[in-house]
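Colleague: I'll drop the sequence and a predicted model, then ask my questions.
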Amino acid sequence: MMGMYLKNELYEMINKDISIFEFIQSGSLDGIWYWDLLNPEIEWMSPKFWETLGYDPNEKEHKASEWQDIIFQEDLALATENFEKHCKDPAHPYDQIVRYRHKSGRTVWIRCRGLAIRDEQGKAIRMLGAHTDITDLKETEKEMIRLTREYEKVFNGTQDAMFLIKVLDNKQFRYVRNNLAHQSKTGILLEQLRNKTPQELLGKKMGDVVAENYDKCVLLSKSITYEEELSLPGGLRIWQTTLTPILECDKVTHIVGSASDITEQRILERELEKQANFDSLTGLPNRRLFFTRLEELIKENKKSGTRFALLFIDLDGFKEINDNYGHEVGDEVLIAVGKRIQHCLRKSDTAARMGGDEYAVLLRCDEMHENTTKIVERIHEKIKEPIQVGDHQCHVNSSIGIALYPDHATDSEALLRNADARMYGVKRNGKGGFQFE
């Protein structure tokens with residue numbers, strides 16, 4: 001072989017110049033040893049070995065008992081077992097990691113390797129070996145194990161659903177793992193998630209949606225937080241998700257996802273909002289929401305210069321239904337009237353229950369009020385139709401007062417007063433009808 005002459009040349013130099021041997025053993029090893037197996041108490045240990053263990057080499061005799069007294073006894077048993085096997089079978093390596101007690105009391109990890117030198121009959125008569133201090137490596141391994149265990153405790157101990165994503169090329173992503181909370185809350189086990197793309201795991205439609213957020217995180221190279229509603233094996237849930245990019249050499253290689261299940265919180269918020277803004281009986285907007293929409297409509301129409309109408313509706317004959325048939329039947333009548341009013345309106349209009357048997361409506365209208373008149377007539381006629389509640393056929397009529405913006409008023413309270421006054425004008429004239437002027 002081409003490099004063999006260098007090996008031979010090095011061997012010759014070592015034979016001629018002992019300083020070369022000293023350089024090799026001191027520079028690349030933490031001690032070498034040479035053991036007389038015919039006289040096993042005698043063993044030469046290089047000074048570097050004792051220095052590694054904190055001892056003055058001059059204080060130590062070249063005896064096997066010197067190191068056997070400070071090696072961990074269970075490791076001595078392992079080394080002895082390997083030594084005996086190596087002596088019997090050259091193919092069995094003498095190579096193990098053992099622990100020594102440093103002079104200061106700390107533990108030193110040493111890799112101990114050796115090779116038996118045999119006579120013509122193959123009997124082991126000498127042993128040449130080398131020591132390598134791997135304490136720093138062992139401490140690093142120990143720290144890595146500690147950090148890994150701590151990571152696992154945090155990763156699987158948190159109540160947030162966590163997941164790790166590998167970023168591929170061409171806006172592609174692949175899941176690496178998810179924690180126990182994620183598995184419990186989503187119904188997706190680790191073996192079901194691992195190495196899957198979002199589309200493979202969630203289907204193309206939902207997978208594309210979540211992948212868009214992953215891509216946004218990569219493009220921004222910073223954490224993003226958003227809400228998402230996902231239908232997963234664990235059910236339809238609302239999540240507040242935070243994605244945090246992991247960068248290596250200024251490139252996003254992975255994304256850590258952390259999601260909190262906020263379904264119950266959002267359901268409660270929606271229920272509270274509904275209770276605050278909607279009538280519990282009819283489901284229509286209540287007085288509070290009606291005035292909010294009225295103020296918004298006034299602002300909008302001030303800018304656009306357009307008109308709208310406010311209708312104030314009071315039921316005629318409702319008290320008799322309550323008195324004759326009871327409040328349960330009366331409630332059903334109120335619900336039916338609300339539905340009929342709503343059915344007459346367009347999406348841009350608003351119907352509300354103001355309380356008792358009173359309703360209000362906001363209608364967007366044209367210049368000539370033709371559409372407003374038609375809608376009001378339709379509401380009035382629909383309310384008059386019989387309402388069947390169980391065995392009872394109920395009849396109600398309506399008195400409707402109408403105020404126009406900006407013709408009759410330009411603020412919400414004045415508009416409602418105008419509509420209310422016109423409604424009472426209808427009642428004074430015999431009830432059942434509507435009035436613009």
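Modeller: Ah, there it is.
Colleague: for the residue lying closest to Ile42 once chain neighbours are set aside, grab the count of nearby residues.
Modeller: For Ile42, ignoring the flanking residues on the chain, the nearest one in space by CB to CB, 6 or more residues apart in numbering is Asp36 at 4.6 Å. From N, CA and C alone the C-beta is placed, and that goes for glycine too. By other CB atoms under 10 Å, 15 other residues sit near Asp36.
Colleague: and Asp36, how far from His62?
Modeller: From Asp36 over to His62 the distance is 10 Å, taken as CB to CB, to the nearest Å.
Colleague: intersection of neighbour lists for those two?
Modeller: 42-43 (CB atoms under 8 Å, 6 or more residues apart in numbering).
Colleague: what residues are up against Arg177?
Modeller: Arg177 sits next to 163-164, 190, 193-194 when contact means CB under 8 Å, 6+ apart.
Colleague: that one bridge partners, please.
Modeller: On the basis of DSSP bridges, Arg177 is bridged to Leu164.
Colleague: please report how far it lies from Leu168.
Modeller: 16 Å.
Colleague: repeat that for Trp239.
Modeller: If you go by CB to CB, the gap between Trp239 and Leu168 works out to 23 Å.
Colleague: phi, psi for Ala91 please.
Modeller: When read as degrees, to the nearest 10, the backbone of Ala91 gives phi -70, psi -20.
Colleague: how many residues are close by it?
Modeller: 7.
Colleague: likewise Ile165?
Modeller: Ile165, neighbours per other CB under 10 Å, totals 27.
Colleague: beta-bridge partners for the residue nearest to it when sequence neighbours are not counted, please?
Modeller: Of all residues not flanking Ile165 in the chain, Ile255 sits nearest, at 4.3 Å (CB to CB, 6+ apart). Counting by DSSP bridges, Ile255 forms beta bridges with Ile165, Pro245.
Colleague: list the contacts for Ile255?
Modeller: Contacts of Ile255 by CB under 8 Å, 6+ apart are 164-165, 167, 173, 214, 217-218, 243-246.
Colleague: in this protein, where's the longest helix?
Modeller: Longest among the helix segments of the chain by residue count, using DSSP state H, is helix 135-157.
Colleague: near Gly234, how many other residues are there?
Modeller: Counted with other CB under 10 Å, Gly234 comes out at 16.
Colleague: ok, now Ala79?
Modeller: 18.
Colleague: quickly find the element holding it.
Modeller: helix 73-88 (DSSP states H and E).
Colleague: so which residues make contact with the longest helix of the chain?
Modeller: Everything outside helix 135-157 that qualifies as a contact, by CB under 8 Å, 6+ apart, is 107-109, 162, 179-181.
Colleague: run the last query once more with 6 Å
Modeller: 108-109, 179-180 (CB atoms under 6 Å, 6 or more residues apart in numbering).
Colleague: what about burial for those, which qualify?
Modeller: For the contacts of helix 135-157, a burial check counting by 16 or more other CB atoms under 10 Å picks out 108-109, 179.
Colleague: can you pull out the helices in the stretch 301-437 of the chain?
Modeller: With DSSP state H, counting those that start in this stretch as the criterion, the stretch 301-437 of the chain has helices at 318-325, 327-343, 370-384, 412-428.
Colleague: what would these look like in JSON lines with distance to Glu120, mean neighbour count and mean pLDDT?
Modeller: Below are the helices of the stretch 301-437 of the chain laid out as JSON lines (distance: least, CB to CB, whole Å; neighbours: other CB atoms under 10 Å; pLDDT from 0 to 100):
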{"stretch": "helix 318-325", "distance to Glu120": "122", "mean neighbour count": "15", "mean pLDDT": "93"}
{"stretch": "helix 327-343", "distance to Glu120": "110", "mean neighbour count": "18", "mean pLDDT": "96"}
{"stretch": "helix 370-384", "distance to Glu120": "119", "mean neighbour count": "17", "mean pLDDT": "90"}
{"stretch": "helix 412-428", "distance to Glu120": "116", "mean neighbour count": "17", "mean pLDDT": "93"}
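Colleague: the closest residue to Ala409 other than its chain neighbours and Asn371: what is the separation?
Modeller: Counting by CB to CB, 6+ apart, Ala409 lies nearest to Leu415, which is 4.5 Å off, once chain neighbours are set aside. In this view, Leu415 and Asn371 are 19 Å apart by CB to CB.
Colleague: equivalent analysis for Phe155, please.
Modeller: 62 Å.
Colleague: for the residue of the chain positioned farthest from its centre, grab phi and psi.
Modeller: No residue in the chain sits farther from the centre than Glu120, which is 70.3 Å out by CA atoms, centre = their mean. Backbone torsions for Glu120, taken as degrees, to the nearest 10, come to phi -60, psi -20.
Colleague: returning to that earlier point: out of Trp239 and Leu168, which sits in the busier spot?
Modeller: The neighbour comparison of Trp239 against Leu168 (other CB under 10 Å) goes to Trp239, with 22 against 11.
Colleague: list the buried residues of whichever strand or helix holds the more buried one.
Modeller: Counting by DSSP H and E, the element that carries Trp239 is strand 235-248. For strand 235-248, the neighbour count (16+ other CB under 10 Å) marks 237-243, 245 as buried.
Colleague: so after the lowest-mean-pLDDT helix or strand in the chain, what's the next helix or strand?
Modeller: Ranked by mean pLDDT, DSSP states H and E, the helix or strand of the chain with the weakest confidence is helix 18-28, at a mean of 61. For helix 18-28, the following helix or strand on the C-terminal side (DSSP H and E) is strand 32-36.
Colleague: from the chain's centre, how far out does that following strand sit?
Modeller: How far strand 32-36 lies from its chain's middle: 59 Å, per CA atoms, centre = their mean, to the nearest Å.
Colleague: tell me the strands beside it, with direction?
Modeller: Sheet partners by DSSP bridges: for strand 32-36, these are strand 43-45 (antiparallel), strand 124-133 (antiparallel).
Colleague: how about residues contacting the longest one?
Modeller: Residues outside strand 124-133 that contact it (CB under 6 Å, 6+ apart) are 29-35, 37-38, 49, 52, 87, 110-119.
Colleague: quick one: average pLDDT of that strand?
Modeller: Per-region confidence: strand 124-133 scores 89 on mean pLDDT.
Colleague: now it: buried residues?
Modeller: Under 16+ other CB under 10 Å, the buried positions of strand 124-133 are 124, 127, 129-133.
Colleague: please write out the alpha-carbon positions of it in CSV.
Modeller: C-alpha atoms of strand 124-133 as CSV (Å, rounded to 0.1, in the frame of the first residue of the first chain):
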residue,chain,number,x,y,z
ALA,A,124,-0.4,-14.2,27.0
ILE,A,125,2.7,-13.1,28.7
ARG,A,126,2.5,-9.3,28.5
MET,A,127,-0.3,-6.7,28.2
LEU,A,128,0.0,-3.4,26.5
GLY,A,129,-2.7,-0.9,27.0
ALA,A,130,-3.9,2.7,26.9
HIS,A,131,-6.1,4.9,29.0
THR,A,132,-8.3,7.7,27.7
ASP,A,133,-10.1,10.2,30.1
